[in-house]
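Peer 1: The following comprises the amino acid sequence and a computationally predicted model.
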Amino acid sequence: MTGPGAPAEPFTRPSDSHPAAALPLESGEGIPVVVASSRAVPHILHDRIGAVVLRVALPAVASTLLITLFAALDTVWVGTYVGSAGLAAVTTSLFWIWLVISIAEMVSIGLTAVASRRHGEGRPLDAARAVGNALAVSLLLGAIVAAAGHAWIDAIFASMKTPTPVAALGKAYLGTYLWAAPLLFGFFAVDAAFRASGDTRTPLLLLASSVAVTLVLDPVLILGLLGAPEFGIRGAAVATVTTRSIVFVAGVLILRRRGLVRWNGFDWPAIATMCRIGAPTAATGVVFSLIYVLVTRTATEFGTSAIAALGLGHRIESWLYMIGVGFGAAAAAIVGQNLGAGQPERAARAGWVTAAYASAPGLVFWALALAIPGPLAAIFTVDPTVVAEAANYLRIGAWCQLAVCAEVVLEGALGGAGHTLPPMISSTLITASRVPLAIWAAARWGPTGIWWTISLTAIARALAMVWIWRRGAWRGRVV
């Protein structure tokens, strides 16, 4: 329709070979409405930046908060019915799951940069081909990670020197999670494909359905309700990987229906470009996870309560962190498309505006962590020693909450620009400093020294990311 009162155009779908077959479907009063992906680009390229950021970011933020909600409730079930050993097991597994996710992000971040740039250039067919290659590589990479993880799972927990009961529970949880690694990797590529096209609503709907089902399955499989077998801590992992695998398949089908994915065989130059862009960010995440394993080893010297407190602190902080991730995902798509359209100044403004929006909730989290850290920790466990130590962690970590979202958003924006090596170097060096600093501080102040090390280095990473974005070398990146 060309304007108000214009006659309706007939509803037809282009042939699969036509670029306009990239068709997001929206619903209007129950009637399917087809919107070509090329019509989704102008609002990102020309509308007021503040409105664009909110329109793209809010569904992405809702998606990440859904994941956080599930993770929080998952922790409640484990902490309540498995106990502090279960919480410690989930904590030690979590750092290795971060490592797995970081490897998956190598493809998804590279895909976001490449596909968003192609959409901005008005080349949706090339974007769809990039998605097809990213999906294939993600599945293959996930299978390799799953095999390696199972082969080394004993060494993984031995490296952290966790108590025997914690290690046994951790192997059950992490081992189950690893079985579904290929499909979990694939879902990251699916999510990136939608976001690169400017569509953050479809991933939200997929995740909402996944979380809704998982919230029901979680207690059923942990406790053996409704005639289901009682899996204990393994049930939490089974519930997660089952539903996430289902939405991966659903996401691929939707991508195919909209013409947002094409498969014409492996395009090795395109795959190399995606991996080149995504590898530095993935390496950052891998190093971050490995460093946290070493930090966890330092925390184990102070007992299970310290390990559990570290995990609870991360769970609570993850609400704010995931808000930053959602805004960062939006920033990556907006920056990538605007660079593709030859609008670097608009891309720069988008990065700053997105970081400002994302940082506002940091004030709320800062106030809550200072005012009611004990009640926040008590949501997840009834163990008084864990509550006390987690409250100490939250009070100290409150100060980095004012900066964490700016770091995550600008890192996402730099990823969308394809400028990922400088952020990797700065973030890795600062994060690596946590190991000697944590050992030194723990020897003098116990767990409190570890918590201050984590908080201060997080602030340093945020300042480094602001400097890299302001410096502007990302503007000239060719993807």
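Peer 2: Looks like it came in fine.

Peer 1: For the helix or strand harbouring A212, list every residue counted as buried.
Peer 2: Counting by DSSP states H and E, the element that carries A212 is helix 201-223. Buried residues in helix 201-223, counting neighbours by 16 or more other CB atoms under 10 Å, are found at 201-207, 210-211, 214-215, 217-222. (C-beta placed from N, C-alpha, C; glycine too.)

Peer 1: Please apply the same query to stretch 145-154.
Peer 2: 145-146, 149, 153.

Peer 1: what would these look like in a markdown table with pLDDT?
Peer 2: Formatted as a markdown table, the buried residues of stretch 145-154 follow (pLDDT from 0 to 100):
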| residue | pLDDT |
| --- | --- |
| V145 | 90 |
| A146 | 90 |
| G149 | 87 |
| I153 | 87 |
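
Peer 1: all helices of the stretch 351-479 of the chain, in order?
Peer 2: All helices of the stretch 351-479 of the chain, identified by DSSP state H, counting those that start in this stretch, fall at 373-378, 384-397, 404-416, 421-432, 434-445, 447-471.

Peer 1: okay, those helices in CSV with mean neighbour count, distance to L178 and mean pLDDT next?
Peer 2: Formatted as CSV, the helices of the stretch 351-479 of the chain follow (neighbours: other CB atoms under 10 Å; distance: least, CB to CB, whole Å; pLDDT from 0 to 100):
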stretch, mean neighbour count, distance to L178, mean pLDDT
helix 373-378, 19, 29, 86
helix 384-397, 22, 27, 88
helix 404-416, 29, 26, 89
helix 421-432, 19, 24, 89
helix 434-445, 16, 26, 91
helix 447-471, 20, 27, 93
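
Peer 1: Quick one: closest of these to S84.
Peer 2: Nearest to S84 among those is helix 384-397; the distance by CB to CB comes to 5.7 Å.

Peer 1: List the contacts of the closest one.
Peer 2: Residues outside helix 384-397 that contact it (CB atoms under 8 Å, 6 or more residues apart in numbering) are 84, 87, 305-306, 308-310, 312-313, 316-317, 369-370, 373-374, 376-378, 380-381, 447-448, 451-452, 454-455, 458.

Peer 1: redo that, cut-off 7 Å
Peer 2: 84, 305-306, 308-310, 312-313, 316-317, 369-370, 373-374, 376-378, 381, 447-448, 451-452, 454-455 (CB atoms under 7 Å, 6 or more residues apart in numbering).

Peer 1: what angle do it and helix 447-471 make?
Peer 2: 30 degrees (axes from the mean of the first three to the mean of the last three CA atoms, to 10 degrees).

Peer 1: got the angle for helix 384-397 vs helix 404-416?
Peer 2: Going by the same axes, to 10 degrees, helix 384-397 makes 70 degrees with helix 404-416.

Peer 1: Put the alpha carbons of helix 384-397 into PDB.
Peer 2: Output of helix 384-397 as PDB, limited to C-alpha atoms (Å, rounded to 0.1, in the frame of the first residue of the first chain):
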ATOM      1  CA  PRO A 384      22.500 -18.400  56.300                       C
ATOM      2  CA  THR A 385      26.200 -18.600  55.600                       C
ATOM      3  CA  VAL A 386      25.600 -18.500  51.900                       C
ATOM      4  CA  VAL A 387      23.200 -15.600  52.300                       C
ATOM      5  CA  ALA A 388      25.700 -13.600  54.400                       C
ATOM      6  CA  GLU A 389      28.600 -14.100  51.900                       C
ATOM      7  CA  ALA A 390      26.400 -13.400  48.900                       C
ATOM      8  CA  ALA A 391      25.200 -10.200  50.500                       C
ATOM      9  CA  ASN A 392      28.800  -9.100  51.000                       C
ATOM     10  CA  TYR A 393      29.500  -9.900  47.300                       C
ATOM     11  CA  LEU A 394      26.500  -7.800  46.200                       C
ATOM     12  CA  ARG A 395      27.400  -4.800  48.300                       C
ATOM     13  CA  ILE A 396      30.900  -4.700  46.900                       C
ATOM     14  CA  GLY A 397      29.700  -5.400  43.300                       C
END
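
Peer 1: Show me how far it is from its chain's centre.
Peer 2: The chain centroid and the centroid of helix 384-397 are separated by 25 Å under CA atoms, centre = their mean, to the nearest Å.

Peer 1: hey, where'd the helices end up in the stretch 201-350 of the chain?
Peer 2: Under DSSP H, counting those that start in this stretch, the stretch 201-350 of the chain gives helices at 201-223, 233-258, 268-300, 304-340, 344-371.
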